[in-house]
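S.K.: Here is the input, now give the coordinates:
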Amino acid sequence: MTNVPALLKWIGNKQRFAQEIISYMPNIFNDYYEPFLGSGAVMGQLCYNSLNSLFPTFNHAYASDVLPFLVDIFNLVKNDPDSIIEYYDREITDYYTRPEEKYREIRDRFNANHNAKDFCLLSRTCYSGIVRFRKADRYMSTPRGPHNPISPETFAKRVRLWNSFIYKVDFQTLSFSESMDRAQAGDVIYCDPPYTHSQNIIYGSQSFSIKDLFEKIAECKKKGIYVMLSINGSRESNKKDLSIRPPRGLFARDIPINCGISMIDRLQNTGNTMKNEIVYDKLMLTW
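M.R.: Numbers count the residues shown, from 1 in each chain. This next block holds a predicted model:
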């Protein structure tokens, strides 16, 4: 079974685990909601599987995030793929010749106008896809990564691929509560919110409350909606428990997902040897 390649380089990207997460969904459901879009890995894999007549079967997908420039990237891929392909080609070709100077140029331009195409470039060139905003002024402050971003040819292939299977997805700028309020009985909601132990590092410019999310999940569960939640579980090979205790009875089961080494640890421990830093997520299900 094919794993869909990531469109964006993104912290917490579930691309490697998307098939596993999807395997826990009902075989047949109505609509799909993803209120914390991020890289859209699970949504993308689900739509790819549907295009290739693989289970699960669903009607329509709704993906949203509070970052409008992130949502705009996916709308460009869906409705105007040539424009983002051409922009990436021009800018990354220049980036290869003068990476440090070009990165500052792209980041300054994005911080001045928050446009989607530059945000796409930043996700591909910043350190490990860790998009970090200063709380005071929403300035994207992540340093440049040491890696070479994927080639314009590879990026173009990925955009064309994503364009082929996200035709039945609506992308909107919404809070998670606004998105989840739209779901109905028989729908599936997959939540992949900020990790609670690193929220201030990565999402400092956004307000997020896990308590509010638990309350919204409880409302959805009462409506007969299937809700899935990926949340931090443990690190250091299960030696350090970072998990959140949800309200009793909210979830019927939780499943450990091996996520490998934390990207945030890599950023904070540059130059240090990292051992036994395997991170496990918990995948929680309301049914």
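S.K.: Setting aside sequence neighbours, what's the nearest residue to Pro149?
M.R.: Distance criterion C-beta to C-beta, 6 or more residues apart in numbering; nearest residue to Pro149, sequence neighbours excluded, is Arg124 at 4.1 Å. For the C-beta atoms, the positions are set from N, CA and C on the backbone; glycine is no exception.
S.K.: May I have the helix or strand hosting that neighbour exported as PDB, CA atoms only?
M.R.: Using DSSP states H and E, Arg124 maps to helix 116-125. Extracted in PDB, the C-alpha atoms of helix 116-125 (Å, rounded to 0.1, in the frame of the first residue of the first chain):
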ATOM      1  CA  ALA A 116       1.000  31.200   1.600                       C
ATOM      2  CA  LYS A 117       3.600  30.600  -1.100                       C
ATOM      3  CA  ASP A 118       6.500  31.900   1.200                       C
ATOM      4  CA  PHE A 119       5.100  29.900   4.100                       C
ATOM      5  CA  CYS A 120       5.300  26.800   1.900                       C
ATOM      6  CA  LEU A 121       9.000  27.600   1.100                       C
ATOM      7  CA  LEU A 122       9.700  28.200   4.800                       C
ATOM      8  CA  SER A 123       8.200  24.800   5.800                       C
ATOM      9  CA  ARG A 124      10.600  23.200   3.300                       C
ATOM     10  CA  THR A 125      13.700  25.100   4.400                       C
END
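S.K.: Any idea how far that helix is from the middle of the chain?
M.R.: Its chain's C-alpha centre lies 14 Å from the corresponding centre of helix 116-125 when counted by C-alpha atoms, centre = their mean, to the nearest Å.
S.K.: what pairs with the helix or strand where Met228 lies, and is each one parallel or antiparallel?
M.R.: Taking DSSP H and E as the definition, Met228 sits inside strand 226-235. Partner strands and pairing direction for strand 226-235 (DSSP bridges) are strand 188-191 (parallel), strand 240-241 (antiparallel), strand 278-285 (antiparallel).
S.K.: Dump the ones you listed to a markdown table, plus mean pLDDT.
M.R.: Below are those laid out as a markdown table (pLDDT from 0 to 100):
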| stretch | mean pLDDT |
| --- | --- |
| strand 188-191 | 98 |
| strand 240-241 | 54 |
| strand 278-285 | 88 |
